[in-house]
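[1] quick one: sequence plus predicted model below, questions after.
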Amino acid sequence: MADINNILDNDDQLSEELLLKYASGNLTAEELHAIESKMINSPFVNDAVEGIDAFKNKKQVQQYMDELNRQLQKQTEKKKKLRARRKLPSMDWIITAVVIVLLLCVLGYTVLRLYNSKKEKTNIEKNKN
């Protein structure tokens, strides 16, 4: 959320300033028509306008919107921190350790097999003599 003072979607193209003008009745006919058409097309905008209209004291609306924006910012930051904590740690060292252990196992198997084959050859030669 780049702009903490504008919680509306970019598709709505409706700012808080325009909503506050609508609530106070300081709009031109063009702006009024634009907002009302957006209210028809977007239930979110419709709810926002209805919520602002419910306030008796229009000066409190700005304070309330600022408080809502701060709370929303805190919640999103908290969720980001939780997601960051849930991420798996870097697996580079674990993968390196697993590869080394596997290589040691293969090397050990090869050495034991060569040792056993030499031992068998010596046993066969001893039995022939």
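    Ah, there it is.
[2] tell me how far the top helix by length along the chain lies from the chain's centre.
    The residue-count maximum for a helix in the chain (DSSP state H) belongs to helix 92-128. Relative to the chain's own centre, helix 92-128 is displaced by 48 Å; criterion: CA atoms, centre = their mean, to the nearest Å.
[3] for it, packing partners?
    Judged by 3 or more CB pairs under 8 Å, 6 or more residues apart in numbering; DSSP states H and E, helix 92-128 has no packing partners among the helices and strands. Yep, even glycine has a C-beta here, placed from its N, CA and C like the rest.
[4] name the residues of it that are buried.
    Counting neighbours by 16 or more other CB atoms under 10 Å, one finds that helix 92-128 has no buried residues.
[5] mean confidence score for it?
    Helix 92-128 carries an average pLDDT of 91.
[6] use 395 as the first number from now on
    Yep, numbering from 395; the last one is helix 486-522 now.
[7] please parse the protein into its domains.
    Domains of the chain are assigned by automatic domain parsing as 410-480, 485-523.
[8] how far is the first one from where the chain is centred?
    Okay, so that is domain 410-480. The answer for domain 410-480 is 23 Å, by CA atoms, centre = their mean.
[9] end to end, how far does that domain reach?
    35 Å (CA to CA, to the nearest Å).
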